[in-house]
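Enquirer: Could you look at this predicted model? Sequence included:
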Amino acid sequence: MEKLSATNRRSFLKSSALVAVPIAAAAPAAALAADDSRAKLARLEDERSIEALQRKFLRYLNGAADCAEFIASPESIDLGQDVRSIAEDLGHEISLEFAENGLSAKARCACTLEREAEFTGHSTLEQMARFQGQGSHRHEERQVLVTEFIKGNDGWRIASARLA
């Protein structure tokens, strides 16, 4: 014979209490997840700000405008004297590392540099090139631009930039 189970209010309350325990335990985890998502969103916004600042810096270096507005110290930029233009290599992504406190970051960006070397010698070929209006030689090379950023009250700024 089959035994039929009878449902009453007491059995309903017992089963609903059993179901509610995991949900109640998950509530603090959901609150923590909300805080974690806020931190992730803040980190993502910082990443986007730094990438935009990096591209703006490269554009300004190539003669679009003065970079002094977003550089902490002009003496901390060391790209060499003979750099004529610099372009980000879009085939490689920018690698970005944040400090533990989130107030500084370091970016490594693959770039293509155009350098110009002046002919300063006195050989016959160099003298002929200068007489023909070709007093320099331009060439391209690939290097990595290492940029360090700091976060202040007014946003991200470039602390230093150098070629590696």
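Expert: That came through, no problem. Residues are numbered from 1 along each chain as shown.

Enquirer: Any buried residues in stretch 52-63, and which?
Expert: 53-54, 56-58, 60-61 (16 or more other CB atoms under 10 Å). C-beta: built from backbone N, CA, C; applies to glycine.

Enquirer: Adding pLDDT, write those out as CSV.
Expert: As requested, the buried residues of stretch 52-63 are exported to CSV (pLDDT from 0 to 100):
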residue, pLDDT
L53, 89
Q54, 88
K56, 87
F57, 87
L58, 85
Y60, 83
L61, 80
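
Enquirer: What is the nearest of those to N153?
Expert: Taking CB to CB as the measure, N153 lies nearest L53 of the buried residues of stretch 52-63, at 15.7 Å.

Enquirer: So that closest one sits against A159, correct?
Expert: No: under the contact definition of CB atoms under 8 Å, L53 does not touch A159, with a separation of 11.5 Å.

Enquirer: any residues in contact with both of the two?
Expert: Taking CB atoms under 8 Å, 6 or more residues apart in numbering as the contact criterion, the common neighbours of L53 and A159 are F149.

Enquirer: Helices along this structure, start to end?
Expert: When secondary structure is read from DSSP state H, the chain shows helices at 9-59, 124-131.

Enquirer: nearest to I150, of the buried residues of stretch 52-63?
Expert: Compare each of the buried residues of stretch 52-63 with I150 using CB to CB and the shortest gap goes to L53, at 11.2 Å.

Enquirer: ok so, going back, now tell me which of the helices of the chain the model trusts least on average.
Expert: For these, the bottom mean pLDDT is recorded on helix 9-59, which sits at a mean of 71.

Enquirer: Return the list of helices and strands in contact with the lengthiest strand in the chain.
Expert: Ordering each strand of the chain by length in residues (DSSP state E) puts strand 136-152 first. Where contact means 3 or more CB pairs under 8 Å, 6 or more residues apart in numbering; DSSP states H and E, strand 136-152 is packed against helix 9-59, strand 104-118, strand 155-163.

Enquirer: try it again with 10 Å
Expert: The helices and strands touching strand 136-152, judged by 3 or more CB pairs under 10 Å, 6 or more residues apart in numbering; DSSP states H and E, are helix 9-59, strand 83-88, strand 95-98, strand 104-118, helix 124-131, strand 155-163.

Enquirer: Quick check: mean pLDDT of that strand?
Expert: Across strand 136-152, the per-residue pLDDT values average to 88.

Enquirer: Reformat the helices and strands packed on strand 136-152 as a markdown table; add distance to E69.
Expert: A markdown table is the format used below for those (distance: least, CB to CB, whole Å):
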| stretch | distance to E69 |
| --- | --- |
| helix 9-59 | 10 |
| strand 83-88 | 19 |
| strand 95-98 | 22 |
| strand 104-118 | 19 |
| helix 124-131 | 39 |
| strand 155-163 | 9 |
